[in-house]
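*Asks:* Okay, here's the prediction I keep looking at, along with the sequence it came from:
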Amino acid sequence: MGFKKIYYYIFYQFWAVFEGSPTKWGTVWKANLMICIIENLIITDAIIYYTIYGNRFYNASLTSPEVCIPFFAIFVVNYFAFSHDDTWMDYANEFNEWPRKKNLIGGIIVFVFVALIIGFMLNGFYLMSKINWQEYRR
């Protein structure tokens, strides 16, 4: 399975969760938002671990270009991948035809993937709390 198909499958899993909820309005936007949040968490994890293991003098701020550009690029890419047209529906129809067991296993894999990303972030915050930042102030 290629990267693009995996990307659409993760989106499909979020979309399916929101489609199963009582309020079905905006399911595409909600799934798109979840994908954006997960990708932004991955970038935040990278920044946290870079600060811990790479450069403790690095001061990431929300207005710095190395933070703003990837965050903005994520929203643009996801808009054109999911909300701009209905290309993702072709993949969704394919995933709907998969056997129930295969979709269940895929859903578990997506859940574990999201849990790992959140776990890495929590671990990064824990590791950052153990650092004496007074040593690294200029």
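*Replies:* Noted; the coordinates are in hand.
*Asks:* From the chain's centroid, how far away is the longest helix seen in the chain?
*Replies:* Longest helix of the chain, by residue count under DSSP state H: helix 100-129. The gap between where helix 100-129 is centred and where its chain is centred comes out at 10 Å by C-alpha atoms, centre = their mean, to the nearest Å.
*Asks:* So for it, what gets flagged as buried?
*Replies:* By neighbour count on 16 or more other C-beta atoms under 10 Å, the buried set for helix 100-129 is 103, 106, 110, 114, 117, 120-121, 124. Every residue, glycine included, has its C-beta placed from N, CA and C.
*Asks:* ok, so of those residues, who is nearest Phe80?
*Replies:* Val110 (21.8 Å; C-beta to C-beta).
*Asks:* From what I see, that closest one and Gln13 are in contact.
*Replies:* Yes - using C-beta atoms under 8 Å, Val110 is in contact with Gln13, at 4.5 Å.
*Asks:* and the gap between the residue most central in space within the chain and Lys30?
*Replies:* When C-alpha atoms, centre = their mean is applied to the chain, the residue found nearest the centroid is Ile38 (1.7 Å). Ile38 is 13 Å from Lys30, where distance means C-beta to C-beta, to the nearest Å.
*Asks:* And for Tyr49?
*Replies:* 29 Å.
*Asks:* Ok, Asn55 next?
*Replies:* With distances taken as C-beta to C-beta, Asn55 is found 36 Å from Lys30.
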